[in-house]
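**Q** need a structure here:
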Amino acid sequence: MAKIAIIVGSTRPNRVGAKVADWFYETAKKSQDAEFEVVDLIDYKLPILDEPTPGATTHENSKKWSAKIAEFDGFVFVTPEYNHGIPGSFKNAIDFLNREWQHKPVSYVSYGVIGGHRAVEQHRQIAAQFKMYDLREQVSIIAPWELFDESGVLQADETYGDSAERVIEEISFWSNELKPIREKLQKD
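**A** Predicted structure coming up:
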């Protein structure tokens, strides 16, 4: 069974990203086809990229981040849109690694004033560079800070839930299907 990371891409104080990730995880954990885990960038305290060469992991924080990401067969990036793009903290975290991302599918749960679409488009370009398999299904939440109640429950129509289920189905399928191919590519 594939193991998929739901990566919280914002490290900003008072961020809504952790709530968005928790909301998505509540649906994802019901999956019979994959195991999901929330991975929060804030727990890794990554500095601005300080490794001497691309993909190197010489520092303790880099080693911890590398080991965690290497565990997974696929990713769901939970990303806000900051100023028409992805958060610098998220891009920095991606740049710390290389082979840990390769040949794994990625999908997106984005959010922002207009749903985070521009951030996802930037992530798609980055995913291509790292040989990730970019999946088209995504969840785009418009103004989530207005949609969550005090207990963290998303108060909106079922459109978001339906989108989440499609992302879970697709990321689970491709994470499982690509796993043996990736293992073969890594041996060669």
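**Q** output the contacting helices and strands for the longest helix seen in the chain.
**A** Determined from DSSP state H, the single longest helix within the chain is helix 159-187. Helix 159-187 sits against strand 2-8, helix 17-28, strand 34-40, strand 74-80, strand 105-112, strand 133-142, with contacts defined as 3 or more CB pairs under 8 Å, 6 or more residues apart in numbering; DSSP states H and E. (Glycine included, C-beta is placed from N, CA and C.)
**Q** show me the shaky parts of this structure.
**A** 188 (pLDDT under 70).
**Q** adding distance to Gly55, write the helices and strands packed on helix 159-187 out as TSV.
**A** Listed next are the helices and strands packed on helix 159-187 as TSV, based on distance: least, CB to CB, whole Å:
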stretch	distance to Gly55
strand 2-8	18
helix 17-28	26
strand 34-40	19
strand 74-80	17
strand 105-112	18
strand 133-142	19
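**Q** nearest to Glu150, out of those?
**A** Among those, the nearest to Glu150 by CB to CB is helix 17-28 (10.6 Å).
**Q** gap between that closest one and the chain center?
**A** 11 Å (CA atoms, centre = their mean, to the nearest Å).
**Q** list the buried residues in it.
**A** 17, 19-25, 27-28 (16 or more other CB atoms under 10 Å).
**Q** what of stretch 158-167?
**A** Those would be 160, 163-167, for stretch 158-167 by 16+ other CB under 10 Å.
**Q** what's in contact with that stretch?
**A** 24, 27-28, 76, 107-109, 135, 137-141, 154 (CB atoms under 8 Å, 6 or more residues apart in numbering).
**Q** and what of stretch 55-71?
**A** For stretch 55-71, using CB under 8 Å, 6+ apart, the contacting residues are 3, 5, 39, 44-47, 50-52, 93, 96-101.
**Q** output it as CSV, nothing but the C-alphas.
**A** Extracted C-alpha coordinates of stretch 55-71, given in CSV (Å, rounded to 0.1, in the frame of the first residue of the first chain):
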residue,chain,number,x,y,z
GLY,A,55,20.5,17.3,-3.3
ALA,A,56,23.2,17.1,-0.7
THR,A,57,22.1,16.4,2.9
THR,A,58,25.1,17.3,5.2
HIS,A,59,23.3,19.1,7.9
GLU,A,60,21.0,17.5,10.6
ASN,A,61,17.9,19.4,9.5
SER,A,62,18.5,18.3,5.9
LYS,A,63,19.0,14.7,6.9
LYS,A,64,15.8,14.7,8.9
TRP,A,65,13.8,16.3,6.0
SER,A,66,15.4,13.9,3.5
ALA,A,67,14.6,10.8,5.5
LYS,A,68,11.0,11.9,6.0
ILE,A,69,10.3,12.7,2.4
ALA,A,70,12.0,9.5,1.2
GLU,A,71,9.4,7.5,3.1
